[in-house]
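Engineer: need coordinates for the following:
(one chain, ligands or ions: 2)
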Amino acid sequence: MTAETTADATAAKSGNAATDKFRSSGKTAAVAADVARVNLLASKLIKAANDIVLEERVTYDEFNALKAWLIKVGDDGEWPLFLDVWLEHSVEEVATDHREGNKGSIEGPYYVPEAPTQQSPATISMREDEKGTKLLFQGQVRSTDGSPLKDAKVELWHADEEGFYSQFAPGIPEWNLRGSFLVDSEGNFQINTMQPAPYQIPTDGACGQLIAAAGWHAWRPAHLHLKVSAPGHELLTAQLYFPGDVHNDDDIATAVKPELMLDIQPAGSGNGVQTTYDFVLDPVK
Ligand code: DHB
Ligand code: FE
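Structural biologist: Ligands and ions are numbered 1, 2, ... in the order given. Reported below is the predicted structural model:
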């Protein structure tokens, strides 16, 4: 990537692309218009904000700074980024705390459905000169009773060695480092990919402005994103992390859990690294 496209890639373009993708995702069709529920949630949110104003004696200057900032979040297309970084982890916790199998982690703003499907073992689509350390990612998909799920599908997407996602940062082939993989008759998968880099959420838009103003940092540890599905089972959305990453303990998105840490070993092939991670899905009740 040239210096120019790298600079471009960190611009609010990722934010706007995330907003466009969300709009066309169909997710808003599921929003329930239950009056009692909206009344409860909106009232609680408004009360929480009012309590902060009264407790912290918020000034008109601060109130106006908040207005200007909220307007900028929309202008920069950064509502998906903001909500996925600072709120989704609690929503994910509520959605999955009943599970016996894997609980998972946040989806984040950069999932794209219907990535090209391949039969495992496979190599994810990548550029001929894709930079980084080769990573063999393998494992098995099972049900909570231990039986292998031979009809499971493993969707994998992640950033490249510079921390950029295809379809959100410019200049990257459409399905780069994205794929959908069918497991074998024993529920096993083997995917060749590249180890992703730590990821910095875009710093030049409204979220970056907040991070700088509050003296925070913008980093997420390096991670693989996954969706693991099988007929009759709950969809698992997860992220997996690499031991030793300096941001494992202070992820801006609060999406790291101990059970999501990979065990990274030198690759049997002698080139790069490999890791084995098994997924356990809950049957739909
Ligand atoms: C964001 C980006 C990610 O890659 C992720 O996993 C979670 C959140 C973000 O920029 O909001
Ligand atoms: Fe991510």
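Engineer: quick check: next helix or strand after the helix or strand hosting Trp69?
Structural biologist: Assigned by DSSP states H and E, Trp69 belongs to helix 60-75. Downstream of helix 60-75, the next assigned helix or strand under DSSP H and E is helix 79-86.
Engineer: for Gly205, which non-adjacent residue is spatially closest?
Structural biologist: Of all residues not flanking Gly205 in the chain, Asp76 sits nearest, at 3.7 Å (C-beta to C-beta, 6 or more residues apart in numbering). Where C-beta positions appear, they are placed from N, C-alpha and C, glycine not excepted.
Engineer: now for that neighbour, how many residues are close by?
Structural biologist: Applying other C-beta atoms under 10 Å, we find 23 residues neighbouring Asp76.
Engineer: can I assume it is in contact with Gly15?
Structural biologist: Yes - the criterion here is C-beta atoms under 8 Å, and Asp76 meets it with Gly15 at 5.1 Å.
Engineer: what's the overlap in contacts for these two?
Structural biologist: Shared contacts of Asp76 and Gly15 (C-beta atoms under 8 Å, 6 or more residues apart in numbering): Gly205, Cys207.
Engineer: please name the residues that touch Thr254.
Structural biologist: So Thr254 contacts His89 (C-beta under 8 Å, 6+ apart).
Engineer: how about Leu70?
Structural biologist: By C-beta under 8 Å, 6+ apart, Leu70 has no neighbours at all.
Engineer: pull up the gap between it and Tyr165, please.
Structural biologist: Distance, Leu70 to Tyr165, using C-beta to C-beta, to the nearest Å: 26 Å.
Engineer: now Glu88. Nearest residue, chain neighbours left out?
Structural biologist: Closest to Glu88 by C-beta to C-beta, 6+ apart is Ile106, at 4.3 Å.
Engineer: specify the local secondary structure of that neighbour.
Structural biologist: The local conformation at Ile106, judged by DSSP: H, G, I helix; E, B strand; the rest coil, is coil.
Engineer: burial measure for Ser229, as a count.
Structural biologist: Neighbours of Ser229 (other C-beta under 10 Å): 19.
Engineer: now swap in Trp79 and tell me
Structural biologist: 18.
Engineer: assumed Ser185 was part of a helix.
Structural biologist: No - counting by three-state DSSP, Ser185 is not part of a helix but coil.
Engineer: which bits of the stretch 101-250 of the chain sit near ligand 1?
Structural biologist: Counting by C-beta under 6 Å from any ligand atom, the residues of the stretch 101-250 of the chain close to ligand 1 are Ile106, Gly108, Pro109, Tyr110, Tyr199, Ile201, Arg220.
Engineer: surely the residue nearest to Glu88 is in contact with Leu87?
Structural biologist: No - applying C-beta under 8 Å as the test, Ile106 and Leu87 come out as separate, 9.3 Å apart.
Engineer: who has more neighbours, the two?
Structural biologist: For the pair Ile106 and Leu87, the greater number of neighbours falls to Ile106 (21 against 13), based on other C-beta under 10 Å.
Engineer: so what does that one have for phi and psi?
Structural biologist: phi -70, psi 150 (degrees, to the nearest 10).
Engineer: contacts for the top helix by length along the chain next, please.
Structural biologist: Criterion DSSP state H: the longest helix present in the chain is helix 35-56. Helix 35-56 has contacts (C-beta under 8 Å, 6+ apart) with Val58, Phe63.
Engineer: mind redoing it with 10 Å?
Structural biologist: Helix 35-56 is contacted from outside by Val31, Ala32, Asp34, Val58, Thr59, Glu62, Phe63, Leu66, using C-beta atoms under 10 Å, 6 or more residues apart in numbering.
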